[in-house]
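Colleague: could you work out the structure for the sequence below:
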Amino acid sequence: MSAVVAPALRRSRARWTWGLGAVVVVLWSLAGAGVFSGDVLNPAGVRQFARFAAGAVSPDLSAQFRDVLLTSTLVTVAYAAAGTALALVLGAAGAVALARTTWGRRSGWAGSGWALARGAVAVPRGLHEAVWGLLLVNVLGLDPWVGVLAIGIPYGAVTAKVFADLLDEVPRGGYEALLAAGAGRGTAALYGLLPPAAGGLLAYAFYRLECAVRSAVVLGLIGAGGLGYQLSLSFSSVRWDQVWSCVYALTLLCVVAVVAGRAVRRRLADPPPLRGEELRRDVVLTGAGVVTLALVAWSWWYLVLSPATLVGDRTRDQVSFLAGQAWPPDVSGSLLRTLAGAAVDTVQMSVIAVAVATAGAVLLSGLAARSPHPAPLRWVVGVLVRCALLVVRAVPPPVWALVLLFVLRPGILPGALALGIHTLGVLGRLTAEALEELDPRPARALTALGANPAAVWWYGVAPRAVGPVLAHALYRWEVAIRDTVLVGLLGAGGLGAVLATSLQTFDWPAVTTTLVVLVLLTLAVDLVSDRAREAVR
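Modeller: Numbering: from 1, shown residues only. Below you'll find the predicted structure:
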């Protein structure tokens, strides 16, 4: 009996330890943001905020601005499609190098090679696409390749890791048979692992396309064009009606991407039935593939992408010049102290963001989750909550930060809350989906026994939802630590603000040091998050 109780007791103690530690970190972060001691409110901005909110019911629908929105939307779609295509090519190539199956043994030179490959991918994955955009602008200027590469490089690294994990999970019978027949590991992985993993790979590819739409908007905020750029222009010119027109256009674009991606993923999860000896051709998946390929080809044409730009003399000279300027990195004591303080601000921003998003997701997920047979009022409320979550995750964090600066004083708090609002849209959706997948029988049993809705929630739903919700929250913390750089680039503090200052002053040694600190901090957060997820399982 003691052998069974001891592991359970250790898991319980570990959960309590992590839980109390999380509470302490959240309180520390709130204190660092000045919530307990400082004057964070800005009463003078309330009137301007009211004018901004009033623009929601009177967006600019003039024919002239509709043409501007259409052009901006096409640019955003083109960047998203081309960037996703590049990410998938890089991910497919990198997956074979990252998969454990490819390396075989997990010790000796094979284990070292696998670890080095994973470490190499962690560097581009640890930098936000906005950082890549700013760096690439200094190499390529305002060429459209900037937006494509800024999405393709980090997304390619993430895709390679996910694809490798998918390859490691498929049956290895065909792979081992090819090895036994004398094929190399790369060839065996290509023909023995990729086909059975094709469904999961395709589903994730469409998910990446959804994410790329939002990333393309973010890149527009730093000058790459598209909806993000038009949104920034309208905001800086105090045209709130145009701002809301951009927000609605962006939301509609995200709705199309989400609905299309979800339809493909559901089709893959529930494939068409067999007819005779052959699998019936799936019109939905075939059409989605044809449309996607056509979209990528159109994006290449629309953006006028020229491969010669990437290998031209100017590009090579600029890369050589910047590499010489950026090395060796600046390790002066003053910069390291500044980076240490900025790293603390970055962690505090990410912690507040995830805490706000988790609390909001828990409160709204019950309403956002779909019910098999909802009452009319419950159905209407659910649709409204899901639409609200879609809007808040469609709008980039920098826009929320600019809005919050109406009523909050500058500092890390506006940036943290902006990230929290955006993350709430994502985490609310993930939490609602987690609730939908729970076994409904315990809740039904409590309802049949006469329990009220609150009791059903607390005793029939919440205990079983804690694990998935916390796992999603910890994953979003990993994402938030990267997104803090985005709001920091626009003045919200943290490592992003230090990076922006270094780029503006062409202090390339400081840029190198800041990027190294950012990658190391990202890896540290990933490690802590992974350990915490193990504790709450």
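Colleague: where does the stretch 51-200 of the chain have low pLDDT?
Modeller: Per-residue confidence of the stretch 51-200 of the chain (counting by pLDDT under 70) places the weak regions at 101-115, 169-170, 172, 185-186, 189-190, 193-200.
Colleague: can you map out the helices along it?
Modeller: In order along the chain, the stretch 51-200 of the chain carries the following helices (DSSP state H, counting those that start in this stretch): 63-98, 100-103, 108-126, 129-140, 145-169, 173-180, 185-192, 198-219.
Colleague: distance to residue 32 and mean neighbour count for the ones you listed - can I get that in TSV?
Modeller: Every residue, glycine included, has its C-beta placed from N, CA and C. As requested, the helices of the stretch 51-200 of the chain are exported to TSV (distance: least, Cβ to Cβ, whole Å; neighbours: other Cβ atoms under 10 Å):
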stretch	distance to residue 32	mean neighbour count
helix 63-98	35	21
helix 100-103	40	19
helix 108-126	23	15
helix 129-140	23	22
helix 145-169	28	24
helix 173-180	50	15
helix 185-192	47	18
helix 198-219	26	22
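Colleague: which of these sits closest to residue 31?
Modeller: Closest to residue 31 of these, according to Cβ to Cβ: helix 108-126, at 27.6 Å.
Colleague: ok, which stretches of this protein are strands?
Modeller: Chain-ordered strands for the chain, with DSSP state E as the definition, fall at 274-275, 278-279.
Colleague: now residue 253: how far from residue 264?
Modeller: Here residue 253 is placed at a distance of 17 Å from residue 264 (Cβ to Cβ, to the nearest Å).
Colleague: ignore what I typed, I meant residue 420.
Modeller: Residue 420 sits 30 Å away from residue 264 when distances are taken as Cβ to Cβ.
Colleague: repeat for residue 215
Modeller: Relative to residue 264, residue 215 is positioned 19 Å away (criterion: Cβ to Cβ).
Colleague: ok, residue 136 - contacts?
Modeller: Under the criterion of Cβ atoms under 8 Å, 6 or more residues apart in numbering, the neighbours of residue 136 are 145-146, 149-150.
Colleague: try 7 Å this time
Modeller: Residues counted as contacts of residue 136 (Cβ atoms under 7 Å, 6 or more residues apart in numbering) are 146, 149-150.
Colleague: ditto for residue 69
Modeller: Residue 69 sits next to 245-246, 249 when contact means Cβ under 7 Å, 6+ apart.
Colleague: just curious, which of the residues you listed is nearest to residue 347?
Modeller: Taking Cβ to Cβ as the measure, residue 347 sits nearest to residue 246 out of those, at 31.8 Å.
Colleague: ok, the closest one touching residue 231?
Modeller: Yes: counting by Cβ atoms under 7 Å, a contact exists between residue 246 and residue 231, whose distance comes to 4.2 Å.
Colleague: neighbour count winner among these two?
Modeller: Legend: neighbour count by other Cβ atoms under 10 Å for residue 246 and residue 231, higher for residue 246 (30 against 27).
Colleague: distance check, the more buried one against residue 211.
Modeller: Relative to residue 211, and taking Cβ to Cβ, residue 246 is found at 19 Å.
Colleague: same deal with residue 390?
Modeller: Taken as Cβ to Cβ, the span from residue 390 to residue 211 is 14 Å.
Colleague: domain-wise, how is the chain divided?
Modeller: Under the assignment named as automatic domain parsing, the residue ranges that make up the domains of the chain are 61-305, 356-536.
Colleague: got a markdown table for these, with distance to residue 314 too?
Modeller: As requested, the domains of the chain are exported to a markdown table (distance: least, Cβ to Cβ, whole Å):
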| stretch | distance to residue 314 |
| --- | --- |
| domain 61-305 | 9 |
| domain 356-536 | 18 |
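Colleague: middle-most residue in this structure, spatially?
Modeller: Centroid-nearest residue in the chain: residue 479, 5.7 Å away (criterion: Cα atoms, centre = their mean).
Colleague: returning to what we had before: could you tell me the least trusted of the strands of the chain?
Modeller: Within the strands of the chain, confidence is poorest for strand 278-279, with a mean of 44 (mean pLDDT).
Colleague: show me what counts as buried in stretch 387-403.
Modeller: Within stretch 387-403, the residues scored as buried using 16 or more other Cβ atoms under 10 Å are 388-403.
Colleague: which among those gets closest to residue 21?
Modeller: When these are compared for distance to residue 21, the smallest value, 26.1 Å, is given by residue 397; criterion: Cβ to Cβ.
Colleague: so the closest one touches residue 420, yeah?
Modeller: No: when contacts are counted by Cβ under 7 Å, residue 397 is not listed as touching residue 420 (9.0 Å).
Colleague: related to what we said a few turns ago, could you point out which of the domains of the chain sits nearest residue 30?
Modeller: Going through the domains of the chain one by one, with Cβ to Cβ as the measure, domain 356-536 comes closest at 8.8 Å.
Colleague: stretch 430-444: end-to-end distance?
Modeller: 23 Å (Cα to Cα, to the nearest Å).
Colleague: same deal with stretch 484-496?
Modeller: When the termini of stretch 484-496 are compared using Cα to Cα, they are 7 Å apart.
Colleague: give me the contacts around it.
Modeller: The set of residues external to stretch 484-496 that reach it, using Cβ under 7 Å, 6+ apart, is 128, 130-131, 218, 339, 342-343, 345-346, 349-350, 397-398, 401, 411-412, 414-415, 418-419, 497, 499-500, 514, 517-518.
Colleague: report the distance from that stretch to the chain centre.
Modeller: Between the mean C-alpha point of stretch 484-496 and the mean C-alpha point of its chain there is a distance of 16 Å (Cα atoms, centre = their mean, to the nearest Å).
Colleague: does residue 429 touch residue 391 like I think?
Modeller: No: look at residue 429 against residue 391 with Cβ under 7 Å: they stay out of range, at 11.9 Å.
Colleague: next up, the contacts around residue 503.
Modeller: Under the criterion of Cβ under 7 Å, 6+ apart, the neighbours of residue 503 are 134, 511.
Colleague: look at it and report its pLDDT.
Modeller: 83.
Colleague: before we move on, what about residue 536?
Modeller: Per-residue pLDDT puts residue 536 at 62.
Colleague: do the same with residue 375
Modeller: The confidence metric pLDDT takes the value 71 at residue 375.
Colleague: same check, this time on residue 12
Modeller: At residue 12, the predicted lDDT confidence score is 67.
Colleague: kindly tell me how buried the closest residue to residue 496 other than its chain neighbours is, as a neighbour count.
Modeller: Computed as Cβ to Cβ, 6 or more residues apart in numbering, the closest residue to residue 496 that is not its neighbour in sequence is residue 488, at 2.0 Å. Around residue 488 there are 28 other residues, counting by other Cβ under 10 Å.
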